[in-house]
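Engineer: using only what follows, build the 3D model:
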Amino acid sequence: MKRVFCGCVIIVAMLLFCNQGNLFAAQEKTKFYQLTFQTENVTGQIMINGFVVTEITEKSGNGTAALNTWLIGDNELKAEVKKIDTSKSAQLVFGVSEIERGGVVSTMDKGKLFSLELRDKDFNAGGMASAAKKFKSTFDFKQHLSEAGQAKESDVLAYAQKIFALYEKKDADGILRESEVKINDFSKAFGVADMKTQFRKSLTEDIFKSKLNKLNPAALRAVAVGPTKNIWHVLNGKDELLKGKSPDNSTFEMAVYIGLLDGKLKIVR
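Structural biologist: This next block holds a predicted model:
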């Protein structure tokens, strides 16, 4: 079993578990922007503002993903896929729903705000297809995502090693300090008033009890992503920077995105 903590905060994983059907435990007027998708004979990615929110790997299926923390006001949702078997037909239906507390979005919904469809005729001779749609949102995190400064990759990799060391040492205060931007944004995005306390609890009661995979500095890499390619997604080889095994032998991964804000590198997601 693998648990993927999208963004980092386990309270959000509890709300969303990365792919979810219901969204609760939020302030009364908090809105949720939720991606839904159904696939057949395709593999690829669905991205919001240049951030991958869904990797499509199964031959067929459906799922959902929360978009709130990746929104910048004027957004673009984009899918890039290819046929798994070019001799067979393929299809991708995906879209976005805007709901409020207590709302339910089924994995089979096509998107109540908008939906897009790639049919077999939309795939080229090489089996490739793409579709995109722009839309506006009430959430706007462009200050931390599209307006981040230009950082050097070498500085980002050095900072990532610092972050990894904080997790190795189980330094909750240090992790919370470096994650302040992300924690505040997640709190706004999901209407959770005390996200910092929840994150500290998740660190001490869950993550710190897990055994982290070793960091390989030679394999450490940073990929420029986001609306302006100024956010860095840090990977330990092919894995996320933070990956490990829990006491129950389940595997968890935590994505780390780093940006330059006010002249300092910070974990932004």
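Engineer: tell me the contacts of residue 232?
Structural biologist: 151, 153, 156, 222-225, 257-259 (C-beta atoms under 8 Å, 6 or more residues apart in numbering). Placement of C-beta: from N, CA and C, glycine included.
Engineer: in three-state terms, label it for me.
Structural biologist: Put simply, residue 232 is strand when judged by DSSP: H, G, I helix; E, B strand; the rest coil.
Engineer: related to what we said a few turns ago, which of the contacts of residue 232 fall within strands?
Structural biologist: Counting by DSSP state E, those place 222-225, 257-259 in strands.
Engineer: so which of those residues is the closest to residue 268?
Structural biologist: For the ones in strands among the contacts of residue 232, the minimum distance to residue 268 (C-beta to C-beta) is 4.2 Å, reached by residue 259.
Engineer: what about that closest one, neighbour count?
Structural biologist: Residues near residue 259, counting by other C-beta atoms under 10 Å, number 24.
Engineer: and residue 145, that's in a strand?
Structural biologist: No - Residue 145: not assigned to a strand; according to three-state DSSP it is coil.
Engineer: and it, how many neighbours does it have?
Structural biologist: Counted with other C-beta under 10 Å, the neighbours of residue 145 add up to 26.
Engineer: for it, give me phi and psi.
Structural biologist: Residue 145 has phi and psi values of phi -110, psi -60 when expressed as degrees, to the nearest 10.
Engineer: so what pLDDT did it get?
Structural biologist: Here, the pLDDT recorded for residue 145 equals 98.
Engineer: okay but it is in contact with residue 259, surely?
Structural biologist: Yes - look at residue 145 against residue 259 with C-beta atoms under 8 Å: they come within range, at 7.4 Å.
Engineer: which neighbours do those two share?
Structural biologist: 231, 268.
Engineer: any weak-confidence spans in the stretch 101-250 of the chain?
Structural biologist: Applying pLDDT under 70 to the stretch 101-250 of the chain flags residues 101-109.
Engineer: show me the helices in it, by range?
Structural biologist: Along the stretch 101-250 of the chain, counting by DSSP state H, counting those that start in this stretch, helices occupy 153-168, 172-178, 180-190, 195-205.
Engineer: the helix or strand where residue 39 lies: partners in the sheet, and parallel or antiparallel?
Structural biologist: Residue 39 belongs to strand 31-40 when assigned by DSSP states H and E. Here strand 31-40 is paired, per DSSP bridges, with strand 60-66 (antiparallel), strand 91-100 (antiparallel).
Engineer: list the contacts of the last one.
Structural biologist: By that I understand strand 91-100. 23, 29-42, 46, 56, 67, 77, 79, 81, 105, 109-120, 129, 131, 135.
Engineer: now do the domain split for this structure, please.
Structural biologist: Following automatic domain parsing, the chain resolves into domains at 15-140, 144-245+253-267.
Engineer: nearest to residue 244, of the helices of the stretch 101-250 of the chain?
Structural biologist: Closest approach to residue 244 among the helices of the stretch 101-250 of the chain is made by helix 153-168 (8.9 Å; C-beta to C-beta).
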